[in-house]
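A.B. asks: Take this sequence and fold it.
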Amino acid sequence: MVRVPARQEEEVRASLDALEAAGWEVEPAIRDLTLGRAGPVSERTLRVRSVTYHIPYIESASRVVLWGCRWPDCTNCCSRQGRLPLTSDDLITIGSGLKYARTSEFVAAETITSTWSAPGPSGPSSATMTSVNLKRSASETAADDGTRIPCRFLGGDGACTLHPGRPGVCYLYPFATWLQAERGAASVHAAFQFTGDCPGFYLAESVEEMRPTLEEYADIIVRYNMAYARTAREGYGASAMH
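C.D. replies: Sure thing, here's the model as predicted:
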């Protein structure tokens, strides 16, 4: 299990505490997993269509960690978002929806560019990511990148006011996804994000009970990877492993 960096642990713990203070039950094994303290954790891989999912298996509990969305009772994915990277498709769709005549005008007025390091899909490697991000608040600056603040497009009823034209990364939640070279071709992979904000994680004996959700997300994940690849080619974002 990869240890949570010390600089992030305090914020993750605060997020978990906030869930419990709001009445959500966080199973101890999942709390430990989120904080990088679960002891031996392996994974169960499951290929659904063209996506390989990496599902955590907590050895001490003899259970896999699964997920189910609890919207509209929870809107943490929107109210505690760290950043909103955009694909080139998002730039066109959202810019048009916000009535900008030109994508360049939308980028100048409504986005910021940020660079950050993210854990690699496995092991100690990391990736340096650069992206054009949608401003979560009208006054957001590059200094706010990575902080958890409410998205200005979250409506009072808990629904997204940009939907269905919201950023592609929002559709991915709570998954992270990446492309991995296998036998000379790119293979699509996905795994859960554990930030401490989502109350939807739970323990189960088998991955199979989540298969319908994994089926639904497979198409979303493939489309996002295709869109991200186009974005990188068009110069709006990049990533480098090191």
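A.B. asks: host element of R31?
C.D. replies: Using DSSP states H and E, R31 sits within helix 28-34.
A.B. asks: what are the pairing partners of whichever helix or strand comes after that helix, and which direction each?
C.D. replies: Tracing the chain past helix 28-34, the next element assigned as helix or strand by DSSP H and E is strand 41-48. Each strand paired with strand 41-48, and its direction, by DSSP bridges: strand 51-58 (antiparallel).
A.B. asks: List the buried residues for the strand it pairs with?
C.D. replies: Using 16 or more other Cβ atoms under 10 Å as the test for burial, strand 51-58 gives V51, Y53, H54, I55, P56, I58. C-beta coordinates here come from the backbone N, C-alpha and C atoms, glycine included.
A.B. asks: Contact partners for the second one?
C.D. replies: When contacts are counted by Cβ atoms under 8 Å, 6 or more residues apart in numbering, Y53 is found next to T45, L46, R47, H189, A190, A191, V207, L214.
A.B. asks: can you give me the angle the longest helix belonging to the chain makes with strand 41-48?
C.D. replies: Counting by DSSP state H, the longest helix found in the chain is helix 211-233. Comparing the axes of helix 211-233 and strand 41-48 via axes from the mean of the first three to the mean of the last three Cα atoms, to 10 degrees yields an angle of 90 degrees.
A.B. asks: and helix 211-233, what other elements does it pack with?
C.D. replies: For helix 211-233, the elements it packs on are strand 41-48, strand 51-58, helix 88-97, helix 168-172, strand 175-182, strand 185-192, strand 237-241, judged by 3 or more Cβ pairs under 8 Å, 6 or more residues apart in numbering; DSSP states H and E.
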